[in-house]
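Participant: from the sequence below, what's the structure:
(chains A and B)
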Protein chains: 2
Amino acid sequence: MTQGERMPRTVLHPVRPRGVRQELQRLAERGAIELVVAGSDDEVAAALAEGAQVLVSFRWQERFLTPSLRWVASISAGFEQFPLTRLREQGVALTTASGVNAVPVAEHAMALLLACSRRIDEAVQHQRERRWEQQGPRLELEGSTLAIVGMGAIGERVAELGHAFGMRVLGVKRDPLAYAGCAEAVVAPDGLLEVCAEADVLIGALPGGAATRGLLDAEVFDALDGGWFVNVGRGSTVDEAALVAALESGRVAGAGLDVVAEEPLAPTSVLWSMPGVVITPHVAGLSPAYGRRFAELFTRNLAAYEGTAAWTNRVV
Amino acid sequence: MTQGERMPRTVLHPVRPRGVRQELQRLAERGAIELVVAGSDDEVAAALAEGAQVLVSFRWQERFLTPSLRWVASISAGFEQFPLTRLREQGVALTTASGVNAVPVAEHAMALLLACSRRIDEAVQHQRERRWEQQGPRLELEGSTLAIVGMGAIGERVAELGHAFGMRVLGVKRDPLAYAGCAEAVVAPDGLLEVCAEADVLIGALPGGAATRGLLDAEVFDALDGGWFVNVGRGSTVDEAALVAALESGRVAGAGLDVVAEEPLAPTSVLWSMPGVVITPHVAGLSPAYGRRFAELFTRNLAAYEGTAAWTNRVV
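Facilitator: So this is what the prediction gives:
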């Protein structure tokens, strides 16, 4: 093995979550990689033109595909931005950061659900008015039924937490036969309406993209029939006009939304002021531990890159 | 066995949580008890004077202690209001409802903690202003340390939930040797400061009364050293002036308070408007399932009363 193979030269894109740079610098200090912290797209392209083998990046540009590039470690869960065919043709590996934010996103999903169920939104408003006004919860999680659409790493973590609260957990997953988690039952997408009809709470944890666009529509909200909705997936997965109509009619009792169709949510949106709706500004994935978790995944895949372990999250 | 022994005449006090009357009426319809739903203290006293054997009540009055009374099933977790010595002398059993509200109180504790950690309070205020302002969480539960003071039924349920979130759970309990739950370590009250020094979050789940008055004081909040505080026990367990000072100095980062020293909280209290403080109006124990859970406990103890099972929560 040459020195270059033992210490792959790794370029870090300037757009990255907090903590990733520090953790990769730690790996560099330990001699695991040679790190180039780029300050611009031009610096990324230059480092790759000069022989860097690894790119750590959210973003993609045509000119990043240099002869030396061997592995793209994406910092996002999705991979729509990358040219899969061309990477494959040139023998470049692509891995995603899927699962890295499962813990904070699931914590946030439960924060939104409990804010709705235990009336935290009302309490905060009453607090401003110095009003002490007792009311029972809108829902008790224990003994209620939770449906999760999208049983990836996030959905599974939400399932574990729901289970701990004593909820009956049902899931919807593209490939239910491959499921081996803690949900009581997991069905294929054609069972979505049946699962919603049983649910007191529906939590969306779907990725974006064409395959999931508008999947959570009027029929789904109708089937929910007075239940609660939480979305920590992507806003594009919801027919937002249908959601607003369902909230107005009471078919959906209320909602905790970390994502919406167009972000930032327009100041004119009716969602801001609907009773029983709690909105957070797409922050579910933010975490002080993001850098550490990404570096753990990166270190595992570094071993795979060096041929001593299996890949995790490899797409190409 | 006489008819009277098979169907104990049971008086229900007019002050009672929602759902208890319906559930006891169901027991009466099934022939398990003969039920008198009293509309006033006078009606309670009259029924007991006329031979009722069982009293289901929060409240106590001297005249309730009639020759026929054999069992007081309290609807509260505490029992300071009852004359223990006189009940014992007359051979009257006393049971509490301890544990009946553990599930909703623990859900509420997690709702308050997650509201603080994931900035739900800020989000609700920004929502009123239609502001989309991204900020990371104040704390991630996974990997942090949770100290619980008071490891009764509520504390233990909080421990289970904290554990599910990946928190390290430490407990403080009067009799730690008798502990057999899921916390990693449980210490006696003299270890309180050490446990707080390790904790990112302190959750109070103590009962009221002389033994716990002001237990959570300046020393405790100093030891917490920038951690978070949640109280779902009793307001009397906190030195509230010390808490306010600790919040002002940042020794306590913020707090979720369902209970305060004097309830309702005075409109003039500084707590209402302190940043990072979320106040709910003593609603943690409210639950649509209270009646059902109380009736389950009452039914178990009815079997004990009839000599066919062991008592639960018997104090005298």
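
Participant: burial count for the closest residue to A:Asn101 other than its chain neighbours?
Facilitator: Once flanking residues are discounted, A:Asn101 sits nearest to A:Gly285: 3.9 Å by CB to CB, 6 or more residues apart in numbering or on different chains. Where C-beta positions appear, they are placed from N, C-alpha and C, glycine not excepted. A:Gly285 has 21 neighbouring residues, counting by other CB atoms under 10 Å in any protein chain shown.

Participant: what about the helices in chain A?
Facilitator: Here chain A has its helices, by DSSP state H, at A:3-6, A:20-29, A:41-49, A:84-89, A:102-117, A:120-128, A:153-164, A:192-198, A:218-224, A:240-249, A:290-305.

Participant: and those as CSV, adding mean pLDDT and distance to chain B?
Facilitator: Shown next, in CSV, are these (pLDDT from 0 to 100; distance: least, CB to the nearest CB, whole Å):
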stretch, mean pLDDT, distance to chain B
helix A:3-6, 52, 32
helix A:20-29, 97, 14
helix A:41-49, 98, 23
helix A:84-89, 97, 30
helix A:102-117, 98, 4
helix A:120-128, 98, 4
helix A:153-164, 98, 3
helix A:192-198, 98, 18
helix A:218-224, 98, 19
helix A:240-249, 98, 14
helix A:290-305, 97, 9
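
Participant: could you chop chain A up by domain?
Facilitator: A:9-100+A:288-305, A:102-279 (automatic domain parsing).

Participant: output the ones you listed in CSV, with mean neighbour count appended to each entry.
Facilitator: What follows is those, written out as CSV (neighbours: other CB atoms under 10 Å in any protein chain shown):
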stretch, mean neighbour count
domain A:9-100+A:288-305, 18
domain A:102-279, 20
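
Participant: ok, which of the ones you listed comes nearest B:Val15?
Facilitator: domain A:102-279 (14.9 Å; CB to CB).

Participant: and that closest one, how far apart are its ends?
Facilitator: Domain A:102-279 stretches 20 Å from its first residue to its last (CA to CA, to the nearest Å).

Participant: pull the distance from that domain to the chain's centre.
Facilitator: 14 Å (CA atoms, centre = their mean, to the nearest Å).

Participant: stretch A:302-312 now?
Facilitator: Relative to the mean C-alpha coordinate of its chain, stretch A:302-312 is positioned 24 Å out (CA atoms, centre = their mean).

Participant: now do the end-to-end distance for that stretch.
Facilitator: OK, stretch A:302-312 end separation, CA to CA: 10 Å.

Participant: ok, now stretch A:35-47?
Facilitator: End-to-end distance of stretch A:35-47 (CA to CA): 10 Å.

Participant: wait, what's in contact with the nearest residue in space to A:Phe64 that is not next to it in sequence?
Facilitator: What sits nearest to A:Phe64 in space, not counting adjacent residues and going by CB to CB, 6+ apart, is A:Leu48, at 5.6 Å. Applying CB atoms under 8 Å, 6 or more residues apart in numbering or on different chains to A:Leu48 gives the contacts A:11, A:55, A:63-64, A:66, A:68-69.

Participant: contacts only, for the residue nearest to A:Asn101.
Facilitator: A:101, A:104-105, A:108.

Participant: ok, those vs A:Val220, which is closest?
Facilitator: Of those, the one sitting nearest to A:Val220 (CB to CB) turns out to be A:Val105, at 20.6 Å.

Participant: that closest one against A:Ala284, yeah?
Facilitator: Yes: with contact taken as CB atoms under 8 Å, A:Val105 and A:Ala284 are classed as touching, separated by 4.4 Å.

Participant: which neighbours do these two have in common?
Facilitator: With contacts taken as CB under 8 Å, 6+ apart, A:Val105 and A:Ala284 have A:Val232 as neighbours in common.

Participant: which residues touch A:Tyr305?
Facilitator: A:8, A:54, A:70-71, A:93.
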